[in-house]
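Predicted model and sequence follow; I will ask about them next.
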Amino acid sequence: MSATLKAAIATQKRSIRWAVFCAVSAALSAVGLLAVSGWFLAGSAAAGLGGIAAVQGFNYLLPSAAIRAAAIARTATRYGERLLSHRAALYALAQFRTALFGMVAARALAGKSPASSGTMANRLGSDVDALEDAVIRQVTRPGAWSAGLAAAAAALMAGWIGCAILLATLALMRWCAKGLAARLLPCPIDRAAAAHEALQADYAEMAGPCADIAVYGLAPAMSDTLAEKARHYDLAQRDVVRAQALVSASQTLLATVGLVLLASFAQASAPIFALAMLGAMAGLENWGSLAVSDMRQHRVDLAQRHLASITAPHAAPTLASPPHRPDLMLCGQTIAYGSRLLVRGPSGVGKTRLLETLIGLREDAPQPIAVDGAIAGAEGGLAARRAIFALAAQDAPIMAGSVADNLALARSGLNETDMWEALKLACVDDVVRALPDGLQQWLGGDGARLSGGQKRRIALARALLADRPWLVLDEPSEGLDAATEARLVASLEQWLNRSGKGLLLVSHRPAMARLATSVIDL
Amino acid sequence: MVKPKTSPIPHLKPDPRASLWWVADSFGAILFAAGVAMAVSGKLSLATNLAWPLLLLAAGGALRAGAVGRAQIAGQVATARVQSSLRAMLHHHLLPTRLMRGRLIGEDMHLAVHSVAATEGLVARFLPLRMASGVVPVIIAVAVAPASWVASSIMLATLLPFILGMVLAGGAAARQAQAQHQALSRLSGLFVDRLRSLPTILAFSAEDRVTRHLGDAAQDVARRTMAVLGIAFASSAILEFFAALSVALVAVYCGFSLLGLLPFPVPEHLTLARAFYALALAPEFYLALRRLAAAYHDKQQGEAAIEAIEAEIAELPSPPAPCPTPRSWSGRAVMLSHPDGASIGPLDWAWRATGLHIISGPTGSGKSSLLLALIGQVPISGGTITIDGQLFSAGSLNAHIGWAGQQVALLPATLRANLAFGGEGDPAMLECLHRLGLAPMLAQRGGLDLVIDHRGSGLSGGERRRIGLARALLSGRPILMLDEPTADLDEQTAANVRAILADCAKAQMVLAASHDAALIAMAQSLCEVSA
């Protein structure tokens, strides 16, 4: 378990301790309820057969009160166990997620290619979810252990052979559950995960050219191909369930064998025999629930192995205060601070790659680049360069969150007035005003759906708010109609004149390109 | 879930086989209880031979182990069946309509793969358990009745307040879950979203602010989740309470009855075997309901997935009625809205049944959008389009259109099968492919028997596009719609394409989006789309 996860779990010590207390009490009262009930019944029957004197000699008040107390205690403590163990898991993982994000961010910043840092997002998310069991089992295990011990104690009352049989059953059940789960489950679980991913990839490959699919009616044939792929997933999933069914069946069978042996070898009076049998039954049932964790072990292992590889970098990159008016060098040309440069070239030549390399998000552009005299790739990466550039990327990445959340990314200390001003400059203030919740409108997921052009202009407003020496725009007017584009060009021109900042522009639209005063052809 | 009759979503019925196996588990419990009761009673009468009771006990245990396993497997088989029909339905509806619904590939993929997989717990576990949980208490009560009808009545009597409690708690849980639903679904996705947005966050030096915000949001999620869980756990505590209560009441009643100390007369005579049998079955009375409660999360997840699928299916545009091949096709002041938000137009044209008609304009101006709008993939926001004087509804001519777009979808089959939409034979196919300059590729890759997979089998983008063009030309359909048919071709092949199109234009309506001057020069009409 990684130190970060341990630290996160350690903060929930109090909840876990009380949860364990509840789990142990719940297990003991569950075993106690059945054991005392059995003893009480058999004892009553023996006393009933013995006549009036025996009945009056039989203390029935204590056991009947104990039965009612155990029933209430079992209910209350099981509620406490569930509530507290989930609380511990939820808060520990909340803390762990935050710490993990900080580490991933620091690593990406110190690493070679920060632009690719988002690709593992889904994987990391489901890894952290899988860890829930690692927390919950810290509670369920002590509970199951005390149920097992209580069952052994009940069996001990029927003689040491009975106790030995029960202990052997407990050990055998664990050995079998662990062994079967480790042997049977990992392979189909991995197969199912791989098949799921393959199915996603195939769907994405096929779904692109939907005009062809519509005109030629290709959907049925494609559906058949996908169904064939889905069958691999279904088969793997079936094997997972078969293995799980086998593991839980093994627990029931072994428990039954243990009980049959206990019954055959127990040397005791009927009340004690009843106590031992019912106590053992209740204890073994609880003990069998440990197998649930065994079946999740593979997923937890994978998650832990994967997350353990993510550690904070040794030293955070430090940097001097960023230059105020940095010049650039691109493809052998020096570009003075305040210039307005258009980067041109056929599609696919690597214009976006060049911009991203310049900023430090990646480092694979073949062109020679220097920023403020420092050669890109050799000195500093994103950490050094990001104070210089404000990027509005072509794919206009919008986070799930409100419009204001997205704009506030630009820098700290922004107020609503700043935001509205930037939205106006980016010619998108009317769009935001028309949203039901204005600046607080949630974007992404179940929030408002914006068109590509609208997203791009919100990303542009964000770049304007960042107030960096160079504004970097990648196809800002793609998907805009001519009138809006003209308004946008005028507004950007005004802003550039007023602020004196530099502009790096990639655009194939002639109206936009007129903003530039010099050109580099790739 | 009440669904309209027309819903294409397969009705979710519990799988009877899985439910039956869950019920069979109760019969195992009955055998087991009988075995334990006989063994204990045997001990009391000092019998030495416990063979029969132990045999019953072993048989009961074995039946339980087998039944629960079979129930899980049967549930999974049912899931595979439901999911494959869900997938087929989704693929049929989603694949041809993605563009007109304005969805990204990733969004459709999530629905068709992830949401379908998310129904597993609902179909495999919750639905069969729900059916079983209606039957199992009755079976146990009936099984206990011959031994002690009072114990049986005690169990049934605890069921009434239990149901009342569950209705109240269930209602509260549903309201709480409803109230938290939006905030939870938004906030719980935040961690993955922020990881995905990491490059942007880093580029703006916002990582510290975002980490802080994420920490607050994560605490908020935990707090809200606990609010929902607190009530959900309370309703299972009610369940637990009545389960424990029924065991305790049966134990106390049987004990006092055996002692002969009951304060009221009961018209039944209990023996230890009968009493013990009733006691051992008491926990089984609520077992199915407890299992059902444990599958509650499966239910929520599955229903959310089904709702998402239903919502998308409800948004599907209904396909237009097909109409016969037109003699003329014209548009007046037609406006299109690009998925990017831009509006295109106004556009005017008048096309006749034969001839070459070009749609021209600079890159990115919306030439392709017009073609896509006519096959119903891009919304038309204004103007009028008519065929033979009648109002045209987009997509109604699709069966008469041979289409070749920028991206080409090929079926995983032979090249021959991919070109066979017009019923042409091998010679015609080969001639067409040769004129499109694909002869070297054909010679190398095994001719028309070349097996294509959906990834393209190592075909270059240009080769794929030319195969798409060949498919349209060979389709034999009266209208050809071609997007940039001469782009990215060498001069000789481009000239061949022009000659082919000139030929086609004698008998077919050829509509091409192009800025190839030589092609434009051959055109009978030109529709200009301005940037």
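Right, received. Where do you want to start?

who does the nearest residue to B:Arg477 once chain neighbours are set aside bridge with?
Counting by CB to CB, 6 or more residues apart in numbering or on different chains, B:Gly402 is the residue found nearest to B:Arg477 once chain neighbours are left out, at 4.2 Å. Every C-beta, even on glycine, is put in place using the N, C-alpha and C of the backbone. On the basis of DSSP bridges, B:Gly402 is bridged to B:Leu480.

do you know how far B:Gly402 is from A:Ala204?
Using CB to CB, to the nearest Å, B:Gly402 is found at 27 Å from A:Ala204.

out of these two, which sits in the busier spot?
Taking other CB atoms under 10 Å in any protein chain shown, B:Gly402 and A:Ala204 do not tie; B:Gly402 has more neighbours (24 against 15).

That one and B:Pro485 touch, don't they?
No. B:Gly402 is beyond contact range of B:Pro485, at 11.4 Å (criterion: CB atoms under 8 Å).

Report the contact partners of whichever residue of the stretch 151-300 of chain A sits closest to chain B.
Using CB to the nearest CB, the closest approach of the stretch 151-300 of chain A to chain B is made by A:Thr256 at 2.6 Å. Residues in contact with A:Thr256 (CB atoms under 8 Å, 6 or more residues apart in numbering or on different chains) are B:32, B:57-58, B:60-62, B:64-65.

Which is the succeeding secondary structure element to the lowest-mean-pLDDT helix or strand in chain B?
Counting by mean pLDDT, DSSP states H and E, the weakest-scoring helix or strand in chain B turns out to be helix B:149-188, with a mean of 83. Next helix or strand after helix B:149-188 toward the C-terminus (DSSP states H and E): helix B:190-196.

Who are the packing partners of the next helix or strand after that following helix?
For helix B:190-196, the succeeding helix or strand toward the C-terminus, using DSSP H and E, is helix B:198-203. Helix B:198-203 sits against helix A:61-110, with contacts defined as 3 or more CB pairs under 8 Å, 6 or more residues apart in numbering or on different chains; DSSP states H and E.

What helices and strands are in contact with the helix it packs on?
When contacts are defined as 3+ CB pairs under 8 Å, 6+ apart, helix A:61-110 packs onto helix A:3-10, helix A:13-50, helix A:121-130, helix A:132-156, helix A:382-385, helix B:190-196, helix B:198-203, helix B:207-259.

In CSV, list those helices along with mean pLDDT and distance to B:Glu303.
Output for the helices and strands packed on helix A:61-110, formatted as CSV (pLDDT from 0 to 100; distance: least, CB to CB, whole Å):
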stretch, mean pLDDT, distance to B:Glu303
helix A:3-10, 90, 32
helix A:13-50, 93, 29
helix A:121-130, 84, 20
helix A:132-156, 94, 21
helix A:382-385, 81, 43
helix B:190-196, 87, 22
helix B:198-203, 90, 33
helix B:207-259, 89, 15
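
Looking at those, spot the one closest to B:Val378.
Between B:Val378 and the helices and strands packed on helix A:61-110, the shortest separation by CB to CB is 28.4 Å, and it involves helix B:190-196.

The residue nearest the centre of chain B: what secondary structure?
Chain B has B:Val116 as the residue nearest its centroid, 3.3 Å off, counting by CA atoms, centre = their mean. Each residue gets one of three states, and B:Val116 gets helix by DSSP: H, G, I helix; E, B strand; the rest coil.

For it, give its distance to B:Ile105.
Counting by CB to CB, the gap from B:Val116 to B:Ile105 is 16 Å.

can you list the domains in chain A?
If you go by automatic domain parsing, the domain ranges for chain A are A:3-308, A:328-521.

Out of the ones you listed, which one sits most buried?
By mean neighbour count, with neighbours taken as mean count of other CB atoms under 10 Å in any protein chain shown, domain A:3-308 ranks first of the domains of chain A at a mean of 20.

What residues does the residue lying closest to B:Ala80 once chain neighbours are set aside make contact with?
Leaving aside its sequence neighbours, B:Ala80 sits nearest to A:Asp234 (CB to CB, 6+ apart; 4.1 Å). By CB under 8 Å, 6+ apart, A:Asp234 lies in contact with B:80, B:83-84.
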